[in-house]
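Enquirer: Quick one: sequence and predicted model below, then my questions.
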Amino acid sequence: MSIEEHVPASLLDEASEALEELAGVLADGQTLNDALQQLVESASRVIPDAENVSVTVIGAEGASTVAWTDEKVVAIDRDQYAAGNGPCLEAARTQRPVRVTVDGGREKWPEFAAVAERAGVRAYLSAPISVEDDVLGSLNLYSSDVRAFDPFDEALLRLFVTAASTSITGFRRYERSRRLVEHLQRALESRAEIDQAKGVLMAAHGVDAGEAFARLVTESQQHNTKLREVARNLLASVRRP
C-alpha cells in the first residue's frame, strides 16, 4: 500500500505546504533559530501523533534544546543532557531514528523515562539532523499515547529532517558568503587608508611609494599596532585643525 492510499490527501497537502514554508523561511532574512522554531511548529501541526516537538543541537559546549512547542519537553531533554544519554542523544550519535516508550525506556534510560512519565509523555520518536556531513542534533517528537508513531510518522519525520538540513545548509552558506563579503569590505577599506597614508608621507617627506610603505610598516612593528591602525592614526593627525 502506498503512502497516498494510507494517508488522506488533505494531510499530504498540509505536509507539502509546511515543507515549502520551511524551505523558504530563511529567504526572508530570518535567523537559524527562527527556522528551527518553524520546523518544530510545522512538524507538530502535520505529523499526526506529534503532540509536542523539540530540536536538540549538539555543539562544542554540549547539547541544548533550541526550539520547542511546550516548555515541559525542554525539561525532558535537559535531563537527557545531564545524564549524558537518552533517545535524542542516541539518534544523533547513531544517525538513526529512535522510537521508545516510557515503559520500554526505563531500563536503558531511567532518567529520561522518569521525567517523561511525570510530563505525561508515553511515546517518543527522535531522528538525527545532519548538515553537510556534520551531525547538528536531532528532531524529537512526544506523545501521550503509548501506541504513537507508526512507520508513516517516521517517514514524515524524515521529510522534515531533510527539509531542515537543506534550509540550514543554505543558511550556513549564506552566512559564510556574508562574512566573506564583510572581510573583503574591511580589507578594501584598510587598503584605501594605507594608500592615503602613503600619499601623505610621500608628499610630506618627498619619498617614493616603497619608502612610504616601509615607514608605515616600521611604525607598525615598533608599536605592535596593526598597519591599518597606523595609517588611520596618521590620517587622523593630518585632518586635525
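Expert: Yep, that arrived.
Enquirer: got the residue ranges for the strands in this protein?
Expert: In the chain, the strands defined using DSSP state E lie at 52-59, 62-68, 98-101, 123-131, 134-143.
Enquirer: Distance to residue 194, mean neighbour count and mean pLDDT added to those strands, as CSV?
Expert: Backbone N, C-alpha and C define where each C-beta goes, glycine included. Below are these laid out as CSV (distance: least, Cβ to Cβ, whole Å; neighbours: other Cβ atoms under 10 Å; pLDDT from 0 to 100):
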stretch, distance to residue 194, mean neighbour count, mean pLDDT
strand 52-59, 38, 22, 92
strand 62-68, 42, 19, 92
strand 98-101, 57, 20, 93
strand 123-131, 39, 24, 90
strand 134-143, 38, 24, 88
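Enquirer: roughly how far apart are the spatially most distant residue from the centre of the chain and residue 229?
Expert: Using Cα atoms, centre = their mean, the residue of the chain lying farthest from its centre is residue 206. It sits 54.8 Å away. Distance, residue 206 to residue 229, using Cβ to Cβ, to the nearest Å: 25 Å.
Enquirer: and what of residue 54?
Expert: In terms of Cβ to Cβ, residue 54 sits 46 Å off from residue 229.
Enquirer: what distance separates the longest helix anywhere in the chain from the centre of its chain?
Expert: If you go by DSSP state H, the chain has its longest helix at helix 151-205. From the chain centre to the centre of helix 151-205 is a distance of 15 Å (Cα atoms, centre = their mean, to the nearest Å).
Enquirer: Export stretch 38-45 to PDB, keeping only CA atoms.
Expert: Extracted C-alpha coordinates of stretch 38-45, given in PDB (Å, rounded to 0.1, in the frame of the first residue of the first chain):
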ATOM      1  CA  GLN A  38       9.300  27.000  12.300                       C
ATOM      2  CA  LEU A  39      10.400  23.400  12.000                       C
ATOM      3  CA  VAL A  40       9.000  22.300  15.300                       C
ATOM      4  CA  GLU A  41       5.700  24.100  14.800                       C
ATOM      5  CA  SER A  42       5.300  22.600  11.300                       C
ATOM      6  CA  ALA A  43       6.100  19.100  12.500                       C
ATOM      7  CA  SER A  44       3.700  19.400  15.400                       C
ATOM      8  CA  ARG A  45       0.900  20.500  13.100                       C
END
